[in-house]
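Undergrad: need a 3D model of the sequence below.
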Amino acid sequence: MYIPKPLDDRITIPHLKKMKQDGKKFACLTAYDYSFANLVEDCGVEVVLVGDSLGMVIQGHETTIPVTLDDICYHGKAVAAGLHNAMLMLDMPFGSLNSPQQAIDNASILLKRTQAQVVKLEGGKTQLKTVETLAEFGIASCSHLGLQPQMVHKMGGYRVQGKAKSAAEEMLTTAQDLEAAGTDLLLLECVPATLAAEITAALEIPVIGIGAGADVDGQILVLQDVLNVTPGKKPKFSKNFMQGQSSIQAAISRYVSEVKRGKFPDKTHIFS
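TA: The predicted structure follows:
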């Protein structure tokens, strides 16, 4: 039988905002099952994401596009069972938010089935109305700018975004518009560090980075990258935290510690 966890014990949106105001970094990781959810929380991770990255690291697809709402629900329920304090955030998969109404319907399904607190959506300025509508219905959201894996075919590959002056200005404006529309968090992926720092300073909401430099409020990585078990070439922004460690728990604890101390990412893991 499902036993609800007290909200007073949970990391919440106001908690993360207070950390931003106090200049304290927070750590995020992906997880896709009960055991790892329990472990990463024990290591001090504040936010756990059931990302559509599961399509690649769990299911073996070349992109995140094949991931379904049922996939996110399945893994979300498993992860939720292993969490007591950390915030649970779920990706809205490709094709699940093509209109504000569709997004509300699908986000409602995810939250009801998994007890998650936040949904993450790619799309940037195309999702302004959706973000506004979600906020009106009390659904917390994390917007996603920069490299957006669900748009990999349109973008022509996994490439750094916002390098040109015009693109950087547009991303900053979009980030501010998303905040005004009611998004609660922002994730920046593969964005030049200087641009990410500018966006972070311009917003009151917490900004999470992956390949976005050290001046964002929180960092996130894919768990398999942290543990160096992802097949093939590793992303520039990732780091093998298993190196020199005697256990998985030690590696994850090292990641959390380096994020909170501002040691990760360093210049070898950022884009200019």
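
Undergrad: and the lengthiest strand in the chain, what does it pack onto?
TA: The single longest strand within the chain, with elements called by DSSP state E, is strand 140-146. Judged by 3 or more C-beta pairs under 8 Å, 6 or more residues apart in numbering; DSSP states H and E, strand 140-146 is in contact with strand 118-122, helix 128-136, helix 165-181, strand 185-189. C-beta: built from backbone N, CA, C; applies to glycine.

Undergrad: what angle separates the last one from strand 140-146?
TA: The one in question is strand 185-189. Strand 185-189 runs at 20 degrees relative to strand 140-146, counting by axes from the mean of the first three to the mean of the last three C-alpha atoms, to 10 degrees.

Undergrad: tell me the contacts of the closest residue to P192 other than its chain neighbours?
TA: Nearest non-adjacent residue to P192, counting by C-beta to C-beta, 6 or more residues apart in numbering: F271, 5.2 Å away. By C-beta atoms under 8 Å, 6 or more residues apart in numbering, F271 lies in contact with V160, K163, C190, V191, P192, A193, G211, A212, G213, K236, F237.

Undergrad: now do the lowest-mean-pLDDT helix or strand in the chain: distance to the chain's middle.
TA: Counting by mean pLDDT, DSSP states H and E, the weakest-scoring helix or strand in the chain turns out to be helix 152-155, with a mean of 78. Relative to its chain's centre, helix 152-155 lies at 20 Å (C-alpha atoms, centre = their mean, to the nearest Å).

Undergrad: same deal with stretch 52-64?
TA: On C-alpha atoms, centre = their mean, the centre of stretch 52-64 falls 15 Å from the chain's centre.

Undergrad: list of residues touching that stretch?
TA: Applying C-beta under 8 Å, 6+ apart, the set of residues contacting stretch 52-64 is 30, 32, 51, 65-67, 71-72, 75, 91, 93-94, 149-150, 152-153, 222-224, 230.

Undergrad: run through who's touching stretch 13-25.
TA: 26, 46-47, 87, 117-118, 140, 184-185, 204-207, 217-219, 259-262.

Undergrad: which among the contacts of stretch 52-64 count as buried?
TA: Buried subset of those (neighbour count, 16 or more other C-beta atoms under 10 Å): 30, 32, 51, 65, 67, 71-72, 75, 91, 93-94, 149-150, 152, 222-224, 230.

Undergrad: those in helices, which ones?
TA: Judged by DSSP state H, helices contain the following of the buried ones among the contacts of stretch 52-64: D71, I72, H75, V152, L223, Q224.

Undergrad: which of those residues has the weakest pLDDT?
TA: In terms of pLDDT, V152 ranks lowest among those, with 83.

Undergrad: contacting residues around L172?
TA: When contacts are counted by C-beta under 8 Å, 6+ apart, L172 is found next to L195, E198, I199, A202.
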